[in-house]
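**Student:** Mind folding the following:
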Amino acid sequence: MVSTEVIVPEASVESSASGVHWGAIFVGAVGVTIILVSLGPGLGLATVSPWTPSSTTPATFGIAAGIWLIITQWLSAGLGGYLAGRLREKWVGVRTDEVLFRDTAHGLLAWALATIIVVALLIVGSAVAGAVAAATPAPAAPVSPEAAEPARKAAISFSFFSSLSFLIGAFIGAVAGALGGYHRDEI
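**Tutor:** Below you'll find the predicted structure:
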């Protein structure tokens, strides 16, 4: 038996309106990021107790905080991208591949906005901490090359793993945006 399927190209209506819905992107990026970033200090304060000597060591606390920031970034990228794809307006008369591209772009933009917000908060926090440290008198001792080498290695590791985490977060946000849009259009 021979199948005679006829492939009909999809009708496409181009619009002069923007395909980006910033409201959905803003809600996806900011809503989830603010919730997760606010939850982090609460969990951190629950693990550190100033009244018990067997409290968490600073190194362990720093590693846990770094892991929490990575988890926060990935969760907010996924949930924010999904919300951005799900909350956008439905496009009528747009090809299926274009809808998939736009949903993916919404997820990627939600991740980018959330990343910019978190980086801005970290920069402000670092600037405040630096200003406080500069205001307190401390003896200025020269730094030996042996003492500077571990700090240099730590900075390189931090840069590499941060870049890798941002790349993974971008992928998660883009895929989640496409899934959110797919679920949006099934309704």
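
**Student:** rest of the way, CA atoms for contacts and neighbours
**Tutor:** Noted.

**Student:** what comes up buried for the lowest-mean-pLDDT helix or strand in the chain?
**Tutor:** Lowest on mean pLDDT, DSSP states H and E among the helices and strands of the chain sits helix 32-47, with a mean of 76. Within helix 32-47, the residues that count as buried by 16 or more other C-alpha atoms under 10 Å are 32-33, 36-37.

**Student:** cool, stretch 20-29 as well?
**Tutor:** 24-29.

**Student:** could I have that stretch exported to PDB, CA atoms only?
**Tutor:** Only the C-alpha atoms of stretch 20-29 are listed here, as PDB (Å, rounded to 0.1, in the frame of the first residue of the first chain):
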ATOM      1  CA  VAL A  20       9.300  39.800  22.800                       C
ATOM      2  CA  HIS A  21       6.900  40.100  25.700                       C
ATOM      3  CA  TRP A  22       8.900  41.800  28.400                       C
ATOM      4  CA  GLY A  23       6.300  41.400  31.100                       C
ATOM      5  CA  ALA A  24       6.500  37.600  30.900                       C
ATOM      6  CA  ILE A  25      10.300  37.800  30.900                       C
ATOM      7  CA  PHE A  26      10.400  40.200  33.800                       C
ATOM      8  CA  VAL A  27       8.000  38.100  35.900                       C
ATOM      9  CA  GLY A  28       9.900  34.900  35.000                       C
ATOM     10  CA  ALA A  29      13.300  36.400  35.900                       C
END
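
**Student:** any idea of the mean pLDDT for that stretch?
**Tutor:** Averaged across stretch 20-29, pLDDT comes to 84.

**Student:** chain center to that stretch: distance?
**Tutor:** Distance of stretch 20-29 from its chain centroid, counting by C-alpha atoms, centre = their mean, to the nearest Å, is 14 Å.
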